[in-house]
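In: coords below, sequence missing:
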């Protein structure tokens, strides 16, 4: 796929002395597996479009032979690596006829494989992962014939989320998503951002069953799959997909005596070399340096696989190359929402032992007066003593993706919240505001650390013990009331009320998006109040999160306790 | 405006001991001047919307007094700064009544003013700059009444380009743009990108008169403005705007003995301090460090003004702040095109004495199979010996802006083309390709420098003396022929033809977008051909540029000579 084909094509390109062979178990090479959900959804016509060049050629075996001068053996498996003899033993997937291939250099680019269900799972063509082209093709055929009225997706990670859109947008399939964690994209996003995204999923075709554990995946006598969920609920569906994550495909590497990292990937150095001299690894199966934590990690993203493939080819060719690692930057589209993140979530930062702080905010993606303005929300994670950036999560509509790439670069260079505050960006009302969301996040973090203006997560509102002051205008508070007991004093009237509050008592200032709350907190702080804070993302984010939390009391109390 | 109001609001916020007064000549404060074209075009309803907060309050004198605790004197001019007495002399714009204001700290945030015509220019309400709110308001009123059937815009910079869209989109005004340089946005873009943008302007309401010098701007007896252009052409129009650039408004600063930089701005250090101890400057009137050239420069962008304003307030308050400078990052929307740039153009890099090299490319903004894919074009400028990045220009539709902010950060940190090649980015087919345009530009520059695979600008095709080999498929060459005499050998057939070419003779490989040309050049290079190159941006960019050039033979021969 990405890494293997990239390393092969580049090696061949770098010198006509390089004779490159790709050995691939499946019938397919060099297609965009990230495009499979778009094929399933009907947005992309044929699966071969996912491996087509801009001028219409399909990147198949013949294309690789003629254009890239690379030999490809598909439906062929490498069953043994004889490192002492510098040869691999291959076997056609269907049938006999093992043969050996000698090598000067060997690259493991075996990718990842879907995590198999840990619960009892019946065998049926109606139950599968969503990882291989066949998974998508079988579904698409059935959907086109109108054979899929209902579906269950087990697992709410990247693939699970992309599938709920693919099932419902065009096909209108009644879709259940079962996730054992309390929110979508667990591990990739913190609860605030995850719940915000959940609040935007409003189709009546989608049924989210969160905090729900699958006990068994069986079949009725008719052959219809039945998903049994802890607590007794059973869901019948025409089609079930499990998307429980992926793991590096390293069985062969392990058997060959190649060192494996703590995340299960083939350990490589910054030249993509394994512990065996003339063996390299690249792509989803490789474990490289995480530039945030400085430990090793896997990054199963097509962008990073491509970079590794290129770097491995240069390394094999003796070029000066350094693949320093990655921070794990990704983006995802889910209906109208765009979700981007890089680095560590708050949860992961704490697990990694960082003294962690966060700020949360809400901004228009363009000036408020622009007719196409949309809102975006963000959560910044940083290390308290050093002020070093640790991670960012953004979600919203409109101009969102532009902020994650630059954050990723700051993260790779171990920059601080002050660097974020000082960032230059391209401003024009059609695409951005004069102060970018990244600047604001930097400002908020600086103000929190240097001046004690505390940004409070909407998750911690319920457990807050001080006084809530809603500084919005009366007409705003009546249309969108802040649901806790809050005193309403519009920001402009606040300076005359400074003496009415006990300077020691905690005060949380609440407004619609956050900035007025911040200004109010600053005003009180500058006038001797010690314990001031404001609600990050304002009532806007809070009300969305509260909507989700109120349906799940257990999660709400957990969020409070965590504080 | 941006800098002045930012510094005032932040100073007041930082301490209630800070008593801040803004003195402003016009009746307006704190509105988005970048939004004036949107008001003129009709996309924004009222001019007061440009100074409205998200919750509907107008940022006027009263708002600043009540919410920001800042005193504002509008329609008041500072006529003298008595630095020895730490006081300013103010005077109402209308009438007498001069008075003095003492200060502990003084900030010059006088912004910029439009460059006045250097040609004879009649006085008429129908002739104006497009810089002040009144300029936009007068036009909008006349347009709404149907009084503007035709307009002339003199100057094709940022404002001129925004105005042709504002005139034509909704109002359908017959619009002439007169620019003395050969292309739009001169100084901000190199010719390749500028001509590409020009090729996309196709409204029959727009008449671009490039390489055209205005001799006189007069009035007919009826009062109708007449623009006389060198060579004898005269254009009558209901409305004439001159947009000849802006310059820092520093008359008062100069009179006050404050040091002015070579670009006419108030010179400040990285604390925004002028040469006079308790006087600061921020915004369009300040001259700061250009992080690319390391000399001083002016950056009249709202984003940078905001950052300066904040930094000046922190500096005055004794905070630890460092405004290191800027690289000049901007974006612009022009009809469906998005234009972004940062750092130096090739022209400016050469003027600054850099040993300059460039690469030009074309990419889809998403994978080709994605239904919303659009194309973008880019030109990278770097320094040859050090491989240091110097500048980037991007233009196209779709996902364009995301690449400029991260480039700006690389530029600020003096990174190289190798850093660009190794950049991490967020990939999902909905928003990007697995290899980003920035990665590709880095690859192309590395291949050019390390391996001699030369990227050729479409401007240099006409003067190229080697052989053109078109490596597209025959059906592509017949639909979109490469207009020079070119041999057609599709890429896949090329390796069998290696011996048919003289290894010393220059070869330029041409394809639709560039990558196949690159692959062909690489193949020949690896097989002993010394002088290989490919056409940057392919036939796609070349044909667009050629369309513009063919209408202007003088420009075409100049472009050739320049090589």
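Out: Sure thing, it's come through. Please read these numbers as outputs of a predicted model, since none were measured by experiment. Numbers count the residues shown, from 1 in each chain, chains lettered A, B, ... in the order given.
In: which residues does the closest residue to residue A:102 other than its chain neighbours contact?
Out: Nearest non-adjacent residue to residue A:102, counting by C-beta to C-beta, 6 or more residues apart in numbering or on different chains: residue A:87, 4.7 Å away. The C-beta positions use only the backbone N, C-alpha and C, and glycine is treated the same way. Applying C-beta atoms under 8 Å, 6 or more residues apart in numbering or on different chains, one finds that residue A:87 lies in contact with A:100-103.
In: Write the ChimeraX selection for whichever of those residues are buried.
Out: In ChimeraX, a selection of the buried entries from these looks like this (16 or more other C-beta atoms under 10 Å in any protein chain shown):
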select /A:101,103
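In: Name the nearest of the contacts of residue A:87 relative to chain B.
Out: residue A:103 (20.9 Å; C-beta to the nearest C-beta).
In: which SS state does the residue lying closest to residue A:44 once chain neighbours are set aside fall under?
Out: In space, and not counting its chain neighbours, residue A:44 is closest to residue A:38: 4.5 Å by C-beta to C-beta, 6+ apart. Secondary structure, DSSP: H, G, I helix; E, B strand; the rest coil: residue A:38 is helix.
In: Roughly how far does residue A:38 sit from residue B:55?
Out: Per C-beta to C-beta, to the nearest Å, residue A:38 is found 39 Å from residue B:55.
In: So for the two, which residue has more residues nearby?
Out: Remark: of residue A:38 and residue B:55, residue A:38 carries more neighbours, 23 against 17, as counted by other C-beta atoms under 10 Å in any protein chain shown.
In: Mind jotting down where the helices sit in the stretch 51-200 of chain A?
Out: A:61-66, A:133-144, A:158-168, A:191-199 (DSSP state H, counting those that start in this stretch).
In: Is chain B within reach of the shortest one?
Out: It stands for helix A:61-66. Yes. Counting by C-beta under 8 Å from any C-beta of the partner chain, chain B is contacted by helix A:61-66 at A:63, A:66.
In: Just the ones in strands from the contacts of residue A:87, please.
Out: Under the assignment DSSP state E, the contacts of residue A:87 contribute A:100-102 to strands.
In: How many neighbouring residues does residue A:281 have?
Out: 27.
In: that older thread, and the helices of the stretch 51-200 of chain A as JSON lines, adding distance to residue A:376 and mean pLDDT?
Out: Listed next are those as JSON lines, based on distance: least, C-beta to C-beta, whole Å; pLDDT from 0 to 100:
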{"stretch": "helix A:61-66", "distance to residue A:376": "41", "mean pLDDT": "94"}
{"stretch": "helix A:133-144", "distance to residue A:376": "31", "mean pLDDT": "96"}
{"stretch": "helix A:158-168", "distance to residue A:376": "18", "mean pLDDT": "96"}
{"stretch": "helix A:191-199", "distance to residue A:376": "10", "mean pLDDT": "96"}
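In: Any chance of TSV for these, columns mean neighbour count?
Out: Formatted as TSV, these follow (neighbours: other C-beta atoms under 10 Å in any protein chain shown):
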stretch	mean neighbour count
helix A:61-66	17
helix A:133-144	18
helix A:158-168	25
helix A:191-199	25
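In: so which of those gets nearest residue A:358?
Out: helix A:191-199 (8.8 Å; C-beta to C-beta).
In: Give me the next element, helix or strand, following that closest one.
Out: Counting by DSSP states H and E, the element after helix A:191-199 in chain order, helix or strand, is strand A:206-209.
In: Now the helix or strand just after that next one: buried residues?
Out: Per DSSP H and E, the first helix or strand lying C-terminal to strand A:206-209 is strand A:214-219. Neighbour counts over strand A:214-219 (16+ other C-beta under 10 Å) mark A:214, A:217-219 as buried.
In: residues near residue A:388, how many?
Out: 17.
In: do the same with residue A:221
Out: The number of residues near residue A:221, taken as other C-beta under 10 Å, comes to 5.
In: now residue A:19
Out: 13.
In: Also residue A:229?
Out: Applying other C-beta under 10 Å, we find 19 residues neighbouring residue A:229.
In: and the closest residue to it other than its chain neighbours, what does it touch?
Out: In this structure, residue A:229 finds its nearest non-sequential neighbour in residue A:212, 5.1 Å apart by C-beta to C-beta, 6+ apart. Residue A:212 makes contact with A:178-180, A:229-231, A:233, according to C-beta under 8 Å, 6+ apart.
In: Of those, which belong to strands?
Out: A:178, A:229.
In: Name the nearest of the contacts of residue A:212 relative to residue B:358.
Out: residue A:179 (49.7 Å).
In: wait, isn't that closest one in contact with residue A:210?
Out: Yes. Assessed by C-beta atoms under 8 Å, residue A:179 is found in contact with residue A:210 at 5.2 Å.
In: who has more neighbours, these two?
Out: Taking neighbours as other C-beta under 10 Å, residue A:179 and residue A:210 compare with residue A:179 leading, 24 against 21.
In: still on that earlier bit, wait, which of the contacts of residue A:212 is closest to chain B?
Out: residue A:179 (20.1 Å).
In: Number of residues surrounding the closest residue to that closest one other than its chain neighbours?
Out: Spatially, and ignoring its direct neighbours in sequence, residue A:179 is nearest to residue A:156 (3.4 Å; C-beta to C-beta, 6+ apart). Number of residues near residue A:156 (other C-beta under 10 Å) recorded here: 26.
In: and what of residue A:120?
Out: 11.
In: Quick check: it vs residue A:226, distance?
Out: 12 Å.
In: do the same with residue A:391
Out: 40 Å.
In: Over to residue A:499?
Out: Taking C-beta to C-beta, one finds residue A:499 at 66 Å from residue A:226.
In: No more questions from me, cheers.
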